[in-house]
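> Here you go, sequence then predicted model.
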Amino acid sequence: MTGSALVSLLTLWMLPFFSAIVIWALGPQLRRAAGVLGSAAVLLSFVLACALFGVATAPGGLHVTPLIGWAPGFTFGLLLDPLSLVWVLIITGVGGLIHLYSIGYMAADKAVARFFAYLNFFVFAMLTLVLSDNLVGLLVGWGLVGVASYFLIGFWFYKPSAVAAALKAFVINVFGDVGLMYAIFVLYGATGSIAYADVFAKAASLPSGVILTACIALFIAAAAKSAQVPLQTWLPDAMEGPTPVSALIHAATMVTAGVYLIARFAPLWNASPQAQELVGTIGAVTALLAAILGTAQWDIKRILAYSTMSQIGYMIMGVGVGAYEAGVLHFFTHAFFKAQLFLGAGLVIHALHEEQDIRKMGGLRRRTPFAFVAMAIGTLAIIGVPGFSGFYSKDAVIYGTLEHGHPLLYAAAVVTAGITAYYMFRMLFVAFGGHYRGEVPEARLGMAQREPSEPVHAREGHVPDWVMQIPVGVLIVGSIGAGYLAIGGAQSPWWRFLSSLYGGAQATAPAPISELLSSLIVLAIVIAGVAVAYYRYGTRSATASAVERLRGEALRMPAVLTNAFYFDAAIELLFVRPARRLGALFAGFVDPAVIDAGVRDVVWLTGAAGYLFRALQTGLVRGYALTIVASAACFVAWFVLTGAAR
């Protein structure tokens with residue numbers, strides 16, 4: 001790597017960090033300029049990443065730039081290759097657009113400088129995670145992302161629900177951090193190095209038990225960060241944060257860290273069929289369960305949260321079974337249409353005075369036409385309609401399961417596609433079709449202003465200006481066009497781009513059907529899902545009686561769905577309550593009666609010994625002489641007795 005390329009790489013990595021420090025330190029002085037500074041820093045990092053495209057794709061595999069080293073096998077450097085470049089472009093490109101959007105969305109918030117400081121710190125943490133060339137650097141970025149997400153989810157810290165959601169996300173992610181740390185111990189013990197290059201070079205020669213153990217530990221970390229079963233419960237609650245946070249963290253970057261982890265450690269997964277089976281199965285189960293739960297949601301952001309969980313299940317399934325190019329492609333396209341969906345939802349929420357319940361919407365197609373177009377295009381992309389980016393990536397993942405010999409996962413993925421089409425069009429029909437059912441007078445939609453005395457998070461909406469609309473417009477282009485990079489299969493630009501890492505598409509089993517027939521089957525299931533949603537929510541009779549129908553549906557919703565398959569209850573019963581009882585035991589008995597008592601006993605014994613010796617210091621010579629004589633007599637007696645015993 002040339003000197004100029006190294007400077008560019010270091011700059012794009014550190015620029016968000018330094019901008020976060022400046023914004024944090026000078027926030028009161030910067031005020032609204034904090035958003036401009038934060039956005040400029042991230043977008044400049046994106047420009048530098050684009051300039052490094054040729055370096056990342058140059059022949060030679062991993063392009064590592066060592067920075068520091070402190071022992072053999074212990075070095076830290078930056079890794080730039082096609083895989084890390086994909087994530088860097090999304091983190092800084094889509095992230096920069098979300099930054100611009102946030103300038104408008106957070107304009108009424110008094111803590112806007114703190115918000116952008118957190119955003120830029122998060123971007124730096126994600127860049128550290130994906131650019132690190134070693135396990136320890138990965139762990140540092142992994143942990144910093146968890147901390148940054150805690151700050152952002154709990155940004156409105158005066159809301160108890162936001163604080164609880166931030167704490168829940170942090171605890172579950174720390175559980176994943178433990179899995180990553182254990183994997184590092186296992187891999188270092190087996191290879192004697194923390195560098196990716198050394199670990200991957202020795203992967204084929206490692207015992208199968210070591211590889212399986214390391215892969216399971218790595219997947220625990222991936223499941224926690226990417227909200228996979230059974231560690232998925234934090235993601236829907238994380239919607240308590242501002243909508244741009246949902247778009248940045250829970251659509252385009254943080255929740256896809258698990259996908260990056262598996263794709264990065266592909267040599268380990270390729271050497272362990274059992275690990276691939278485990279990961280692929282959990283990804284499919286997560287995709288299906290999350291899609292089912294999406295049918296029971298009324299909060300527009302929670303609907304998108306469950307769709308995120310489901311789509312990441314697709315990605316995890318893809319990279320898990322070995323279809324790495326397809327899994328990473330779905331990450332790439334998903335970043336565009338899911339960020340667009342969240343930001344489009346933000347336009348609606350902004351216009352409706354923070355209303356998020358789709359039952360209180362309706363008729364918004366006429367009132368918020370730009371938001372409707374954005375949400376409609378994002379929906380067409382996520383369900384995989386031909387011509388939109390999701391069609392090329394999701395179908396590639398689904399067919400990849402067949403190519404790698406997993407027909408049951410294929411069936412689960414196809415069913416999930418139909419359910420996704422149903423609940424996403426359900427959201428569109430209920431929120432944008434029919435007549436307005438909300439509490440805010442229609443005449444005030446999108447025009448009322450927040451009173452200064454109201455809480456800073458209760459931003460009364462106004463017509464979104466260009467700062468919010470332009471980022472959504474750019475994302476629309478990506479939602480339509482990003483998938484075209486994959487046209488042509490193994491000969492497409494996308495597969496050639498990743499060929500240096502994965503060697504192109506490599507099927508492990510002859511697929512029983514062609515890719516075209518598979519796409520037609522998936523499309524038929526998707527159309528069926530849309531048709532069911534239209535029949536239930538989009539027809540004239542359905543919209544005419546929408547209020548009664550929606551109220552009745554909410555009352556009849558099965559408890560297993562409204563309680564999210566009781567995962568939270570199970571975690572509460574199996575982990576939270578025992579942990580609280582153990583904490584109460586330590587607080588009520590172990591701490592005061594054992595730990596504190598031990599400290600008190602040492603203090604008492606020391607004082608008693610001091611008192612005893614102080615009593616012996618009489619100052620009388622005859623007393624000292626008597627002590628010496630008595631001690632000598634005891635010594636002689638001990639000597640005589642022990643000598644006689646021998």
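Looks like it came in fine. Residues are numbered from 1 along each chain as shown.
> Can you give me the neighbour number for L616?
9 (other Cβ atoms under 10 Å). Any C-beta I mention is one placed from the backbone N, CA and C, and that applies to glycine too.
> got it, and the one 3 residues further on?
Counted with other Cβ under 10 Å, the neighbours of G619 add up to 6.
> Now do it against F613, distance only.
14 Å (Cβ to Cβ, to the nearest Å).
> the helices in the stretch 1-150 of the chain, which residues?
Using DSSP state H, counting those that start in this stretch, the helices of the stretch 1-150 of the chain run over 3-30, 33-51, 53-56, 82-105, 112-131, 135-153.
> longest single helix anywhere in this structure?
If you go by DSSP state H, the chain has its longest helix at helix 160-191.
> Past that helix, which element shows up next along the chain?
helix 196-201 (DSSP states H and E).
> can I get the CA coordinates of that following helix in CSV?
Extracted C-alpha coordinates of helix 196-201, given in CSV (Å, rounded to 0.1, in the frame of the first residue of the first chain):
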residue,chain,number,x,y,z
TYR,A,196,-6.4,-13.1,10.7
ALA,A,197,-3.7,-14.2,8.1
ASP,A,198,-2.0,-16.5,10.6
VAL,A,199,-5.3,-18.0,11.9
PHE,A,200,-6.7,-18.6,8.4
ALA,A,201,-3.5,-20.1,7.1
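> Buried ones in the following helix or strand past that helix, by neighbour count?
Counting by DSSP H and E, the next helix or strand C-terminal to helix 196-201 is helix 208-225. Across helix 208-225, burial judged by 16 or more other Cβ atoms under 10 Å covers 210-225.
> For this protein, name the helix or strand with the lowest mean pLDDT.
When the helices and strands of the chain are scored by mean pLDDT, DSSP states H and E, strand 63-71 comes last with a mean of 71.
> Does G77 touch V64 like I think?
Yes. At 5.2 Å, G77 and V64 qualify as touching, with contact defined as Cβ atoms under 8 Å.
> Which neighbours do these two have in common?
Here G77 and V64 have D133 as joint contacts, going by Cβ atoms under 8 Å, 6 or more residues apart in numbering.
> so where's the stretch 501-646 of the chain shaky on pLDDT?
Within the stretch 501-646 of the chain, the segments meeting pLDDT under 70 span 504-509, 644-646.
> what number of residues lie near C50?
Neighbours of C50 under the rule other Cβ under 10 Å: 14.
> Touching, it and T92? I think so.
No. C50 lies out of contact with T92 (Cβ under 8 Å); the separation is 9.1 Å.
> Could I get the contacting residues of the residue nearest to the spatial centre of the chain?
Geometric centre of the chain, nearest residue: V255, 2.4 Å, by Cα atoms, centre = their mean. When contacts are counted by Cβ under 8 Å, 6+ apart, V255 is found next to K225, S226, A227, L235, I249, T308, M309, I312.
> nearest to C634, of those residues?
Lowest distance from C634 to the contacts of V255 (Cβ to Cβ) belongs to K225, with 69.4 Å.
> Okay, that closest one and V526: tell me how far apart.
When K225 is compared with V526 (using Cβ to Cβ), they lie 29 Å apart.
> Then G322?
25 Å.
> And for R556?
Relative to V526, R556 is positioned 26 Å away (Cβ to Cβ).
> higher neighbour count, the two?
A side-by-side neighbour count of R556 and V526, using other Cβ under 10 Å, places V526 first with 25 against 7.
> Which helix or strand contains that one?
Assigned by DSSP H and E, V526 falls in helix 515-533.
> Alright, I will stop here.
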